[in-house]
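Colleague: structure for the following, please:
(chains A and B)
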2 protein chains.
Amino acid sequence: MAAKQLRLGAFMRPISIHTGAWRYPGAWPDANFNLNAYVRLIRKLEEGRFDAFFMADHMAVLNMPVEALKRSHTITSFEPLTLLSALAMVTERIGLVATASTTYNDPYHIARKFASLDHISGGRAGWNLVTTANPDAALNFGQDAHMAHGERYKRAREFYEVVSGLWDSFADDAFVRDVDSGIFFDPGKMHVLGHKGEELSVRGPLNIARPVQGWPVIVQAGASEAGRQIAAETAEAVFGASATIEEARAFYADVKGRMDALGRDRDHMKILPGCFVVVGATEAEAQAKRARLDSLVHYANAIASLSMALGVDASAFDPDGPLPDIPETETSKSGRERAIRLARRENLTVRQLAQRLGGYAGLAMVGTPAMIADRMQEWLETEACDGFNVMFPYLPGGLEDFVDQVVPELQRRGLYRREYEGATLRENLGLPRPANRFFAR
Amino acid sequence: MAAKQLRLGAFMRPISIHTGAWRYPGAWPDANFNLNAYVRLIRKLEEGRFDAFFMADHMAVLNMPVEALKRSHTITSFEPLTLLSALAMVTERIGLVATASTTYNDPYHIARKFASLDHISGGRAGWNLVTTANPDAALNFGQDAHMAHGERYKRAREFYEVVSGLWDSFADDAFVRDVDSGIFFDPGKMHVLGHKGEELSVRGPLNIARPVQGWPVIVQAGASEAGRQIAAETAEAVFGASATIEEARAFYADVKGRMDALGRDRDHMKILPGCFVVVGATEAEAQAKRARLDSLVHYANAIASLSMALGVDASAFDPDGPLPDIPETETSKSGRERAIRLARRENLTVRQLAQRLGGYAGLAMVGTPAMIADRMQEWLETEACDGFNVMFPYLPGGLEDFVDQVVPELQRRGLYRREYEGATLRENLGLPRPANRFFAR
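Modeller: Residues are numbered from 1 along each chain as shown, chains lettered A, B, ... in the order given. I've put the predicted structure just below:
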């Protein structure tokens, strides 16, 4: 296959990002917190040759009013590192990406746990490095206020250096286990990090061998200026948030351009925008599924989302009428205009618009397998992305539809693997194994 | 079975505590860091109906001189919570106890990860709450000096309150998942902890349902005065360190007496001393196995342990002669006298004594299955313990000998289960499920 290959991650925490997902006919209402469901779903994703199973993370209950919160299927979730360690035992090739915050963690714990997951899974771990946006998290970690954005990114950069330095504590061939001489490892191949920086002080060495992949794959979401720069410097996969192909191309060009400027090979980072996919036998069927799903978002949740997007109280609008003209406000102009454009383009009532925003309103591909493959191909071939982090509308149906119908179409077009290329996440993503900074081979 | 039942844990980190274990003929030299080995061993322990698989933890490379360290098979180890989550998927009934420090952790992380392990394993998690004795850990967590003993215990006590309070964030029946009404959970059954104490400030709620067991089983090692008291107040299993039956009876009476004084049911704590077991077809064979194992401890490591125990430099002694008379020093008198008594009782040369101390010198049962069962029975029936945390001399042989030979002997005597009584660790240990402090049923 000579064509550029599409990479696919599955965004699985929450198991569906759509707030109505758990109510969809035939869906498992407890899918977000059912181990057997996760086992079945990850095996299906592996059958679909997905690169990775991707777990977001939250270090607090989502901060929304309790009237909205009580309808959220995300309220109880497995913790990512324990769950992925368990799922490693029921899969063989799919990558396991866990999110972990650099703001509310110690680098020694993070380095150890990801190294352990990488060894448990035979080299399939990835670390999605985030700085944590939910200010309620601070209150769960002994702090009164959330760390400022700039300080969070400064700490994140140093945290990454410490964690990757700890992963390099031992040369890959440090453990000789010579039964006759009784030498278990060569101390000349152990490095004591001795890090003393502005934010962190960590001695080392780590008490676990270097990860199978050298380092787990480094993933980031980085949309802000600081986030893009740290991604260009360190990330090997980026979970993008572009809503349109134009935005995505601009983001792609910007971040890959930063890599060029840094002397990094641009193929050593895969940009994967989040993409909500609804599959139907016809376009109309797919659209009807989405409309059905949106209709399951409670109006109280929906109208709150709409009011927030518009910057006005939308609760007085006629739910079944068209969106009235909205005056300019101090709110984010782009969010307001996006909502207005969406309502006009799809001819949505206030209720439908509100339910779309309260369900999921980012990048979506809704149609037949061929239509979805067409769009994915266009994004891939015009440098809008290297693949997608797919979000499923409801479980298990939405995921099974994708694997059974869209994946074969992508394979027929030569855009997507039929078998895994390698044993590790790095090998499957086509990423190099990092050299040990302390021990050249 | 009317007789008081013996409880058995398996102490598995390091996978053998004996420093010569990895060199024993037929042993797996990499057993301490081989996932397939762990899978085989935990399945064997489950076949032997063990209550629990017990993982110690270290948050630094063990602080010993590099000349000794390089012979240690503990230098690279899996991290306990990730490993036990993986092992949960290949077992059905055995408990999974992980050690986690209250000194170098955040309670929100600990509460979440143990709750997640408990849900993943269907109610088999236990938390061995330690305050961390290795001062090198401080250096890996941004601190210059190790927290003082008293302060560590004060923090531990508060940490336990916060973690158990977070586990009680939701009533057991909070999650209604009513598809028709769209109500996922009842907010009246969610409690916001709002803890503000001397050491910790944690808002809550936890973002995961109450553990299957209510709380994972609380385990402690507590030998000091502060440790015994916190154990009497909070522990449901105690990993004891008594070396003789007299010491064990005194410890048992003391801790259970403290429970009486607190109004706790003394059956709601199981005291399990660590016990190194070497099985042979004859006593002589078992003793020979142990001597062989001790002989695999390098003399440099051994003599350092002996010098430390005696408080004198033992390197000038004739290795193959008897232990000379040792003058009194400022060193711990009990350690010196124990070493001298051991040498006289077993008629050991300096080398043999040093290798015993450098290998493993605590409570050991070395003999035929019947002899071992006799001693375990005596300990159980004379209130020296409620069972043992068994340590194996080498892997897999030492563990397989125990399961295949000692377990059936204990079963024949009616002292030990033939089948698990329940599905959870609490049910198997005969411990009550804690009430939710915020939501009475």
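Colleague: give me the three-state assignment for A:Thr329.
Modeller: Assigned state for A:Thr329: coil (three-state reduction, DSSP: H, G, I helix; E, B strand; the rest coil).
Colleague: and for it, the neighbour number?
Modeller: Other residues lying near A:Thr329 total 11 when counted by other CB atoms under 10 Å in any protein chain shown. For every residue, glycine as well, the C-beta is placed using N, CA and C.
Colleague: ok, it - contacts?
Modeller: Going by CB atoms under 8 Å, 6 or more residues apart in numbering or on different chains, A:Thr329 touches A:310-312, A:336.
Colleague: scan these and report the most crowded one.
Modeller: Using other CB under 10 Å as the neighbour test, those are led by A:Leu310, with 23 neighbours.
Colleague: how about stretch A:168-186: buried residues?
Modeller: Across stretch A:168-186, burial judged by 16 or more other CB atoms under 10 Å in any protein chain shown covers A:168-172, A:174-175, A:177, A:182, A:184-185.
Colleague: start and end of stretch A:411-425, how far apart?
Modeller: Separation of the first and last residues of stretch A:411-425 by CA to CA, to the nearest Å is 20 Å.
Colleague: can you list contacts of that stretch?
Modeller: Contacts to stretch A:411-425, defined as CB under 8 Å, 6+ apart, come from residues A:1-6, A:8, A:49, A:51-52, A:93, A:95-97, A:122-126, A:212-213, A:216-217, A:373, A:376-377, A:380, A:407, A:410, A:427-428, A:430-431.
Colleague: do stretch A:148-167 as well
Modeller: By CB under 8 Å, 6+ apart, stretch A:148-167 touches A:102-103, A:105, A:107-108, A:110-112, A:114-115, A:127, A:129, A:131-132, A:147, A:193, A:195, A:197-200, A:202, A:204-206, A:210-211, A:214-216, A:218, A:224, A:226-227, A:230, A:233-234, A:434, A:437.
Colleague: among the residues you listed, which are in strands?
Modeller: Within these, residues falling in strands by DSSP state E are A:127, A:129, A:195, A:202, A:218.
Colleague: got a list of what the residue of the stretch 301-441 of chain A found nearest chain B touches?
Modeller: Nearest to chain B in the stretch 301-441 of chain A, going by CB to the nearest CB, is A:Asn301, at a distance of 8.8 Å. For A:Asn301, the contact set (CB under 8 Å, 6+ apart) comprises A:19, A:68, A:71, A:358.
Colleague: picking that back up, out of the contacts of A:Thr329, which sit inside helices?
Modeller: Of the contacts of A:Thr329, the ones assigned to helices by DSSP state H are A:310, A:336.
Colleague: now the contacts of A:Thr329 in TSV, with distance to A:Thr329 and pLDDT?
Modeller: Formatted as TSV, those follow (distance: CB to CB, whole Å; pLDDT from 0 to 100):
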residue	distance to A:Thr329	pLDDT
A:Leu310	8	91
A:Gly311	4	88
A:Val312	6	90
A:Arg336	7	87
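Colleague: what subset of the contacts of A:Thr329 is also close to chain B?
Modeller: Among those, proximity to chain B is found for none (CB under 8 Å from any CB of the partner chain).
Colleague: out of the ones in strands among the contacts of stretch A:148-167, which is most surrounded?
Modeller: In the ones in strands among the contacts of stretch A:148-167, the most neighbours by other CB under 10 Å go to A:Trp127, 27 neighbours.
Colleague: now that one: how far from chain B?
Modeller: As defined by CB to the nearest CB, to the nearest Å, A:Trp127 lies at a distance of 13 Å from chain B.
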